[in-house]
Every structure is written in structure tokens, then in C-alpha cells.
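> Quick one: sequence plus predicted model below, questions after.
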Amino acid sequence: MEMEKFSNGHGAAVPMDEEVPQEDQLFLEHKNGPTKTPQFTDFEGKTSVGMSVFNLSNAIMGSGILGLSYAMSNTGIVLFLVLLTCIACLSSYSIHLLLRSAGFVGIRAYEHLGMRAFGHPGKILAAVIITLHNIGAMSSYLFIVKSELPLVIQTLIGQTTGADVWFMNGNYLILIVTVSMILPLALMKHLGYLGYTSGFSLSCMVFFLSAVIYKRFHIGCPLEVFGNYSVVTEPSDDMCATKFFTVNQETAYAIPILAFAFVCHPEVLPIYTELKNPTKRRMQNVGNISILGMFVMYFLTATFGYLTFYENTEAELLHTYNKVDPLDTLILCVRFAVLIAVTLTVPVVLFPIRRALQQLLFPGKPFHWVRHIVIALCLLFVVNLLVILVPNIRDIFGIIGATTAPSLIFILPGLFYIRIIPTEQEPMNSRPKIQAACFTALGFVFMTMSLTFIALDWTSGEKRSLGGH
């Protein structure tokens, strides 16, 4: 390797171990082991495997779950299952590459892996990609709050149309939610404490899934619409037919929706850091369990949502239920549950951004509460300003999602593995290195394809929906 030493965060050069740690070797040496210089993120991991699964599952789960039924309507059940399985397996393999690279050099931050692999430019690139992607994710969550919370309030007070009052204004509501709920959680020192809120957030999404399954057996097809919502005038024979395999203009565009739904990689190493008795095998189990749980939830949500509305499925599943009855009590509760889930996810997504900024702007600095709080306040201010001032950021999300998501899932983990694992141990023609190279190439293909569809969307002016994490 070109770099035989790497910085430990305090500027001191630490020799790289000659041997690769075993699968079960502790990620960090304990007190009885060799003395090491502590890093600014260094502390004894106290988070259990269960809490770590909650945190990582909450990081995986995002607003993209609302678009999965739409993706299935454009792929069919069988093709959707194949694509979902492939992306879930690739995401698990990506976590394996990250843990393998991190365990070899004893680095616990995504940005430090970039530093170890490509020097300071690699560290900057990783930090910028994480920051842009997670800001986009946080903005998508707050956009759900901005659009759905006024509808919840409107239903609770019994109004059929929106009133021009401050508590029905989404811009005011996201500020209130940010200050009262998101900010206190974002100011916590350790990510592990958010396992409790992550568990509650996942419970809300389980309730959302239960409601989708329940409504499948209580909504007929063709739809009996309510009020002034769009009406199906002439039901066709195929309108309520189940499609197992279909290809149309939107099929390939459904692939980014599925991929974005599994982006969790910036959170993997922070969660690894706080895992009790951290080993690669334990963290890989955390990743596999989280991905498997989200795989089941995603497939069930997509299937029962699709089997409810078939061709009438909209890009956001909750909006489709408005066709039936916007005042439905169960759907009102579902909206409320989704709002709670996305609100509690924002602090989990904020932690990797703050870590990336601290690694980039304040390398080697010990933890300081003022810096911790100021970074959180600045990030929340930027995200709220973006949500308030930009009326439609679908194209912005598209660009960020088409570039940062494949970078985090495919490109960077593969490149880190190729650069960090020495050729003396694994030559470039070895099977693991070839697999990592193909994995990286797949990321570039995915990025090119996604950007192509966005360009076609801009040039043709057609309405296409891009799912976010």
C-alpha cells in the first residue's frame, strides 16, 4: 500500500498492524490489551445488539416505503421480489466490505476509511457525500411533516378544506416539530440512546403495515371514490388484475426507489462504534437482521398496497387512500404514526452528518458540548430553510439520490476494500478483490442509469416519482 501509516485523529502516526484481525477479534482493544491513543469518538460501547438493530433498522427505513407499492405496480409481484432480494443482498455485502475494511485498520468512521484509502481527498469526498445524502434524507422527512401534519390537524378539527390560520401552515409546523421534538434528541451525546426512540419509530411503521394489510380486505376494486377526488369512470378488465411480471416505461425508474430504501451505510460504523463487545460478526449480524426485517416489511407493504389499488396506485401510498375517504379514522391514525416515525428518524440521520463535519472541520479535537450543539443547530436550520424556501425539491432529491446513494452503497465500500486490504494478502486477481471491483462497477452503472432517467424526465416533462430514503 502507498500509505503505511494513518492518522489516529490527534495527528499522531500509528503503524498499521501486519496481520488482519480475525472475524471475532474485538474491533477495539480493551483495557487489558495494548495501549492505544484514544480518538475523540473513543468510549466504551454500551449499546446492546437489540438496540443496535433498532437503530440500524430505523436508519434503513425511510420515506421510500411509501413508494414501494407504486414500484410494484410497474414491475409486477415476481419482478419486484427479485429486485428487492438482489438489492437487499447487495446492501448486506456492502456492509461486509465496510466492516472488513474498518476492522483491518481499526478505523471506526466512514471518513477515516476515505483517509486511509485515498488520503485527505478521500476523507473530504466521503464527508461531503454523507453530508449531502443525509441532508436530502432529513429534508424528505420534514417534507412529509410539512405536507401531512396539516391534513391530520384539518381532519381532527373537522374541516374539509384548509383554513388560512397559522396552525394549518406547514412551514410553522415543521419549525415547531423541529424545536420541540427533533432538537432535544439531536443534542444527545451518544447515538445508542436513540435506540428507544428508534424502537418506537419502528413500532409506528409496523402499525402502518398492519393498516395497509387491513385496508386490503375492506377496499373494493374498482374504487368507490369520495368527494371530488379522481374518479375511475370506465373500469377495464385489467384494472383489478394482479400482475406478476410487467415491464413498462416506469419499470427501470422503480429500481432507484428500491435502492434508496436500503441506504443506511453512513450509520453502520457509528452504530458499530457504540456496540457492546464489538466484533465484525456481531455487527454483521446486526446488519443482516436489520436488512431482513426491512425486507419483510417492505415486501408486505408493497404487496398489500398494490393489491388494494392495482393500477390506481399513486407514487405516495397515503395519497392513494384519499381517493376512498380522506376522513377515515384508521388512515388518520396511520398518518399520525408515519409522522412520528419520520420525525424520530431525523436525529438518527443527523448523527453521521455531525460526525462527518467534525472529522472534516475539527480533526483530533476532543468532544465539546458547544461544538456538538452548534453543529446540530446549524444543520437543522439549513434543512428547515431548504424545506420552507424550495417549493418542489424532487429534482434536487433526484440528483442527490442518483449520485450519493450508489456512492454510499456500491462505489465507496468497494473502493475502500480494494485500496485498504493489501495486495500481499489479497492480490487484485483474487476472488474477493474481483467481487469488490464488480460491485464498484455496478455502482457506476446504477449512477449512470439514474442520472439518465432524471435527464429524460427533465427533457420530456413527464411526471415520474423518485423514491427517497
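Looks like it arrived, so ask away. Numbering: from 1, shown residues only.
> show me where pLDDT drops low in the stretch 101-250 of the chain?
Across the stretch 101-250 of the chain, the ranges flagged by pLDDT under 70 are 158-163, 191-198, 222-238, 249-250.
> Quick one: the helices in it, in order.
110-118, 120-156, 170-177, 183-186, 195-216 (DSSP state H, counting those that start in this stretch).
> Can you lay out those as a markdown table showing mean neighbour count and distance to residue 432?
All C-beta spots, glycine's among them, are computed from the backbone N, C-alpha and C. Shown next, in a markdown table, are those (neighbours: other CB atoms under 10 Å; distance: least, CB to CB, whole Å):
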| stretch | mean neighbour count | distance to residue 432 |
| --- | --- | --- |
| helix 110-118 | 25 | 16 |
| helix 120-156 | 21 | 20 |
| helix 170-177 | 18 | 45 |
| helix 183-186 | 17 | 38 |
| helix 195-216 | 19 | 32 |
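> could you dump the ones you listed to JSON lines with distance to residue 83?
Converted to JSON lines, the helices of the stretch 101-250 of the chain look like this (distance: least, CB to CB, whole Å):
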{"stretch": "helix 110-118", "distance to residue 83": "26"}
{"stretch": "helix 120-156", "distance to residue 83": "21"}
{"stretch": "helix 170-177", "distance to residue 83": "33"}
{"stretch": "helix 183-186", "distance to residue 83": "34"}
{"stretch": "helix 195-216", "distance to residue 83": "20"}
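> From residue 89, how far off is residue 322?
35 Å (CB to CB, to the nearest Å).
> Comparing these two, which residue is more hemmed in?
A side-by-side neighbour count of residue 322 and residue 89, using other CB atoms under 10 Å, places residue 322 first with 19 against 12.
> Which parts of this structure are strands?
5-7, 13-15 (DSSP state E).
> Spit out the contact partners of residue 353.
Contacts for residue 353 (CB atoms under 8 Å, 6 or more residues apart in numbering) come out as 130-131, 134-135, 379.
> excluding its backbone neighbours, what's nearest it?
Distances taken as CB to CB, 6 or more residues apart in numbering put residue 134 closest to residue 353, at 4.7 Å, once the chain neighbours are dropped.
> and the gap between that neighbour and residue 342?
14 Å.
> doesn't residue 350 make contact with the residue nearest to residue 353?
Yes - with contacts counted by CB atoms under 8 Å, residue 134 reaches residue 350, the gap being 7.2 Å.
> residues contacting residue 57?
198, 202, 290, 293-294.
> Residue 88 versus that one, what's the distance?
13 Å.
> between the two, what contacts are shared?
residue 294.
> now what about stretch 375-385, what contacts it?
For stretch 375-385, the external contacting residues (CB under 8 Å, 6+ apart) are 135, 138-139, 142, 174-175, 178, 182-183, 186-187, 350, 353-354, 357-358.
> so what's the nearest residue to residue 299 once chain neighbours are set aside scoring on pLDDT?
Among residues not flanking residue 299 along the chain, residue 84 sits closest, at 6.0 Å (CB to CB, 6+ apart). In this model, residue 84 is scored at 92, pLDDT.
> so residue 84 makes contact with residue 298?
Yes - distance between residue 84 and residue 298: 6.4 Å, which falls inside the contact criterion (CB under 8 Å).
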